[in-house]
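J.: Predicted model and sequence follow; I will ask about them next.
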Amino acid sequence: MEYENFKLEIDEQGIALFTADRPEKMNALNDKSWAEINDFFFWADQSDEVKVVIITGAGSKAFIAGADLNSLKVKKPTDCLGGAGQKALNRIQKCSKPVIAAVNGYAFGGGCETAIACDFRVVSENALFALPETGLGILPGAGGTQRLSRLIGLGRAMDVILMGRKIGAEEAVEIGLATKCVPQRELLLEAKKMAGKLIAKGPVALRIAKQVVIASLSSSQETGELLEMLALSTLCGTEDKMEGVSSFLEKRTPDYRGK
């Protein structure tokens, strides 16, 4: 698959590296970028070839430095009603495969929103998160006002969104915005190491566990526990469960088939 604003590489393990590839624009997102994110994750969700996705940015300065302001400048009110950014990032959150953001440098605006739609965020020491939209007379429009508070709490989200405060790599780890901070030269290596650990897990269990965790955001604990019980019941009938338990008892590496 070929993209205008992204580069895709898939290795023999099934790790798909999806790289925002506009370094001259600090990988800023335009309308075409949102469409390509949507298209890629629709495909990756269904692909047997892809086991885990890593999304990162080209170059050393930016993961994704927000929206392309030239594109934003000419937007009319009706242009925003389609919710292209929300739809694209919902694809990431709902993807049945684990998604890791490898955040190198600036993750501003839509870049921050992209990162927080992922399941994990591993960051380089120069990573910097921000949602500066109120300083431009707008607000985060690709899910940022909704996801950030769920991730780091209402008070911190207000600080970041209303005040436009930036969060560095170490603080991001401290407040749960990021999973781990590493030197920039080790960023992709660490992301791929995480991906390898995920690939070793039962794929059906990963998929269903992700769905149940996400469902907890919009359900009561009672409803969530019912979903959890039904999910566990489903998994107990899979070949993967039998293989996982058997391999543990037999002290060998499991050979999961995703069934």
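T.: Structure received.

J.: Please enumerate the strands of the stretch 101-250 of the chain.
T.: 106-108, 120-124, 128-130, 167-168, 180-182 (DSSP state E, counting those that start in this stretch).

J.: In its sheet, which strands sit next to the fourth one, and in what direction?
T.: What that stands for is strand 167-168. strand 128-130 (antiparallel) (DSSP bridges).

J.: ok, and what's touching the helix or strand bottoming out on mean pLDDT in the chain?
T.: The helix or strand of the chain with the poorest confidence is helix 69-73; it has a mean of 69 (mean pLDDT, DSSP states H and E). Here helix 69-73 makes contact (CB atoms under 8 Å, 6 or more residues apart in numbering) with Ala28, Asn30, Asp31, Leu136, Ile138. For every residue, glycine as well, the C-beta is placed using N, CA and C.

J.: Dump the strands of the stretch 101-250 of the chain into TSV; add mean pLDDT as well.
T.: Formatted as TSV, the strands of the stretch 101-250 of the chain follow (pLDDT from 0 to 100):
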stretch	mean pLDDT
strand 106-108	96
strand 120-124	97
strand 128-130	97
strand 167-168	96
strand 180-182	96
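
J.: and of those, who's closest to Ala191?
T.: Smallest distance to Ala191 across those (CB to CB): 5.2 Å, for strand 120-124.

J.: tell me which strands and helices that closest one is in contact with?
T.: Strand 120-124 sits against strand 99-103, helix 169-174, strand 180-182, helix 187-199, with contacts defined as 3 or more CB pairs under 8 Å, 6 or more residues apart in numbering; DSSP states H and E.

J.: For it, output the C-alpha coordinates as CSV.
T.: The C-alpha trace of strand 120-124 is given here as CSV (Å, rounded to 0.1, in the frame of the first residue of the first chain):
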residue,chain,number,x,y,z
PHE,A,120,0.7,2.7,24.4
ARG,A,121,3.0,5.7,24.2
VAL,A,122,6.7,5.2,24.4
VAL,A,123,8.5,8.6,24.2
SER,A,124,12.0,9.9,23.5
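
J.: Let me know the angle separating it from helix 187-199.
T.: 160 degrees (axes from the mean of the first three to the mean of the last three CA atoms, to 10 degrees).

J.: quick revisit: any chance of the helices and strands packed on strand 120-124 in JSON lines, plus mean neighbour count and distance to Lys259?
T.: Below are these laid out as JSON lines (neighbours: other CB atoms under 10 Å; distance: least, CB to CB, whole Å):
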{"stretch": "strand 99-103", "mean neighbour count": "28", "distance to Lys259": "23"}
{"stretch": "helix 169-174", "mean neighbour count": "17", "distance to Lys259": "37"}
{"stretch": "strand 180-182", "mean neighbour count": "19", "distance to Lys259": "32"}
{"stretch": "helix 187-199", "mean neighbour count": "19", "distance to Lys259": "16"}
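
J.: between those, which gets nearest to Phe129?
T.: Closest among these, using CB to CB: helix 169-174, at 5.9 Å.

J.: Output that closest one as PDB, restricted to C-alpha atoms.
T.: Taking C-alpha atoms only, helix 169-174 is exported to PDB below (Å, rounded to 0.1, in the frame of the first residue of the first chain):
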ATOM      1  CA  ALA A 169       8.800  13.400  28.500                       C
ATOM      2  CA  GLU A 170       9.500  12.800  32.200                       C
ATOM      3  CA  GLU A 171       6.300  14.400  33.300                       C
ATOM      4  CA  ALA A 172       4.300  12.500  30.700                       C
ATOM      5  CA  VAL A 173       5.500   9.200  32.300                       C
ATOM      6  CA  GLU A 174       4.800  10.500  35.800                       C
END
